[in-house]
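Asks: Curious how this folds, go ahead:
(one chain, ligands or ions: 2)
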Amino acid sequence: MRSSALLKQIAPLVSRTWYRLSSVTAHSELLLHTDPVLPVIDFSSFASKNDTNDYPRDIIEKLANACEHVGFFYAIGHGISNELLQRTLSVTRQLFNLDSKIKNQYASRSFVNSPKVGNLLGGLGRGYQSVGENVTNSLRDRHEGFDLYRELDTNHPARLQFNKKNSSNKNLPDYREMAIGWNPWPKEFPLFKETINEYKSEMLQAGARVMRGIALSLNLPLNHFESTFNDSFWVIRCIRYPSVYPEDMKSPEYGHGCGEHADYGWLTFVNQDLDSRNCLHVRTNDTSKATYVSADPIVVEEQIALTCNIGDILAFITKNKYRSTRHCVVNPVKPARERVSTPFFFEPNIDAKLRINDTTPECYYGEYLINKVRNNFNYDNNQTQ
Ligand SMILES: O=C(O)CCC(=O)C(=O)O
Ligand SMILES: [Fe+2]
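Replies: Ligands and ions are numbered 1, 2, ... in the order given. Just a heads-up that it's a prediction; the model follows:
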């Protein structure tokens, strides 16, 4: 389904239980909803990979509807404690509070042409990015980031296939640069690595729960996708969006905190500051006058919900039955404080071949990934802060 259909879909759905009727306020040219309007879906039934054939049909239908018509939903029953979600945001804030000299030692731009700089190991796309280094739709994004990817063990098959002997083999898929990287964890702040690793382990479990639900929602067996994500090449972005004055928002060089885009991968989970308001905007149409709903954080029965959205690959392999919805992040407006988020991208295994059945298209994850990551940065016209 195309984006233009989304608004039409939302209107009849607001009266159902998963939508709360929202109040709409005009802000700049955006239509913002001040209350959450996305479906809320409980994944606690999909915690185990053992198929019981006894799943709540109402939840599965709700999920299928959300994936087909909205592309975004709030996940509850994800299994991650509020404490860990909050602690992850807290270490992210502390990381960005480090001196910029320290942060720039781990700059991802230094690893563009080599995974090793001096004694420091890194990798394409990994590490620190200053405000404006990410570019979306030809405009600089107003955020700082620290990107982390799955690290493959030295004897991991996907790494071994790129050893010296094989590196000139033109038949190998070209994801070497992703597969051989290491995260440049800041040595000045060991708690960051410790906490992110804990967050990653829990998020992998949450991702598995949601993918099991998604398999059922596509009328596939619960564990249909298990072998494609059991060694997930996950990505975590730690992001800080500075708060800005309204008059600074319009700029010929800078766009939003994160310009409008669809996520390129499998499933995205957003853990965001609980006081973040009207920042994450989900597009509801694709006409020239864009409209958005705001995916503010919500707490359901004392549990922080994770905002979850479908990425392009999942849309692709379902022949766009499931939608990868465009979204953007608008910087908080002063006097609101800066916003911190830690999106977790639950991705397939780097060497996974993705396909639902003989009639649907296939995709090799690693090859797809490398093209996407290379397009994210503008290093020719670089400006660091
Ligand atoms: O910070 C957020 O809320 C979402 C960021 C985002 O859309 C992304 O990194 O793809
Ligand atoms: Fe995104």
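Asks: what residues are up against residue 66?
Replies: Contact partners of residue 66, counting by CB atoms under 8 Å, 6 or more residues apart in numbering, are 18, 38-39, 41, 72-73. Quick note: C-beta positions are derived from backbone N, CA and C, even for glycine.
Asks: From residue 52, how far out is the closest residue to ligand 1 within the chain?
Replies: Nearest residue of the chain to ligand 1: residue 341, at 3.5 Å (CB to the nearest ligand atom). Here residue 341 is placed at a distance of 35 Å from residue 52 (CB to CB, to the nearest Å).
Asks: okay, these two: which has more neighbours?
Replies: Of the pair residue 341 and residue 52, residue 341 is the one with more neighbours under other CB atoms under 10 Å, namely 25 against 8.
Asks: Do I have it right that the more buried one meets residue 273?
Replies: Yes: here residue 341 reaches residue 273: they are 7.0 Å apart, a contact under CB atoms under 8 Å.
Asks: what residues are shared contacts of those two?
Replies: Residues within reach of residue 341 and of residue 273 at once, by CB under 8 Å, 6+ apart, are residue 89.
Asks: Low-confidence ranges, the stretch 201-350 of the chain, go.
Replies: Regions of the stretch 201-350 of the chain meeting the criterion pLDDT under 70 are absent.
Asks: ok, residue 95 - contacts?
Replies: Contacts of residue 95 by CB under 8 Å, 6+ apart are 103, 146, 186, 189, 192, 238.
Asks: residues in the stretch 101-250 of the chain within reach of ligand 1, list them.
Replies: Among all residues of the stretch 101-250 of the chain, those adjacent to ligand 1 (criterion: CB under 6 Å from any ligand atom) are 237, 239.
Asks: let's see 5 Å
Replies: Within the stretch 101-250 of the chain, the positions near ligand 1 by CB under 5 Å from any ligand atom are residue 237.
Asks: the helices in the stretch 151-300 of the chain, which residues?
Replies: 157-160, 176-179, 190-217, 226-229 (DSSP state H, counting those that start in this stretch).
Asks: packing partners for the third one?
Replies: It stands for helix 190-217. helix 57-69, helix 82-96, helix 226-229, strand 235-241, strand 267-270, strand 344-346 (3 or more CB pairs under 8 Å, 6 or more residues apart in numbering; DSSP states H and E).
Asks: Direction-wise, compare it with helix 82-96 and give the angle.
Replies: Here helix 190-217 points in a direction 130 degrees away from that of helix 82-96 (axes from the mean of the first three to the mean of the last three CA atoms, to 10 degrees).
Asks: what about helix 190-217, distance to the chain center?
Replies: Mean C-alpha position of helix 190-217 versus that of the full chain (CA atoms, centre = their mean, to the nearest Å) differs by 12 Å.
Asks: Distance of the spatially most central residue of the chain relative to residue 71?
Replies: Of all residues in the chain, the one closest to the mean position by CA atoms, centre = their mean is residue 268, 3.6 Å from it. Separation of residue 268 from residue 71 (CB to CB) stands at 10 Å.
Asks: Need the residues touching each of those two.
Replies: When contacts are counted by CB under 8 Å, 6+ apart, residue 268 and residue 71 are jointly contacted by residue 309.
Asks: related to what we said a few turns ago, by neighbour count, which of the contacts of residue 95 wins?
Replies: Greatest neighbour count in these, by other CB under 10 Å, goes to residue 146: 27 neighbours.
Asks: Tell me how far it lies from residue 327.
Replies: For residue 146, the distance to residue 327 (CB to CB) stands at 21 Å.
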